[in-house]
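Student: got a structure for you, letters missing:
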């Protein structure tokens, strides 16, 4: 069974630039959630993708956007980067059927984004 | 919105001893899930234990057990026979239909 993978591991960007982070879900999982974890804090939910559509969104501005592909992998895009976007970005995969989604989310190792 | 509170920023425990981490949450739902995740310095968030709110029996996974008090909205984690590998940040999380809400975390250090 393949676990959740994320790329790149680390990234340094300049304020105002755009960034794309990638996530491959665990084998058999069809749902991907993205979280932002600032240093010393708990993760904050950004959004979730299911069947290639955004399924729910946290309190993040529209410059945070995403995609999910037919193979269930996902991208997180952030436009017009700000210094406060510096954080660890975590991807988590789970399995959802027509009703309740599985209760467990499995996390990838994260991408550390630094905005200077 | 659900909120999760972890009131202990740091906890220290002697190897082989027991430590208990506290967590409270706020919700108006009757059916939900609660989790404890461990995040070592490697950053990988690892699921430690889960609890379904409709189950009265407290969950146990080897040396990890919870004390779930639904009426009090309390969900504490007990780590028994602490090992050096237990040193990490521990997060309590509440799950509604699609997202996890995390507490601020408790850093656990294990003294040899």
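Tutor: Alright, I've got the coordinates. No experiment lies behind these values; they were computed from the predicted model shown. Numbers count the residues shown, from 1 in each chain, chains lettered A, B, ... in the order given.
Student: Chain neighbours aside, what residue packs nearest to the residue nearest the centre of chain A?
Tutor: Centroid-nearest residue in chain A: residue A:34, 2.8 Å away (criterion: Cα atoms, centre = their mean). Leaving out its chain neighbours, the residue that sits closest to residue A:34 by Cβ to Cβ, 6 or more residues apart in numbering or on different chains is residue A:46, at 4.2 Å. Using the backbone N, CA and C atoms, a C-beta is placed for each residue, glycine as well.
Student: Give me the pLDDT for the one you found.
Tutor: Residue A:46 is assigned a pLDDT of 97 by the prediction.
Student: measure residue A:27 to chain B for me?
Tutor: Here residue A:27 is placed at a distance of 17 Å from chain B (Cβ to the nearest Cβ, to the nearest Å).
Student: just to revisit the earlier point, the residue nearest to the centre of chain A: what's it in contact with?
Tutor: When the contact criterion is Cβ atoms under 8 Å, 6 or more residues apart in numbering or on different chains, the partners of residue A:34 are A:23, A:45-48, A:66, A:74, A:76, A:89-92.
Student: if we go to 6 Å?
Tutor: Shown in contact with residue A:34 (Cβ atoms under 6 Å, 6 or more residues apart in numbering or on different chains): A:46-47, A:76, A:91.
Student: what's the burial count for residue 23?
Tutor: All of this refers to chain A. Neighbourhood size, residue A:23 [other Cβ atoms under 10 Å in any protein chain shown]: 27.
Student: was after chain B, sorry
Tutor: Using other Cβ under 10 Å, residue B:23 has 26 neighbouring residues.
Student: cool, and residue A:89?
Tutor: The criterion is other Cβ under 10 Å. On that basis, residue A:89 has 23 neighbouring residues.
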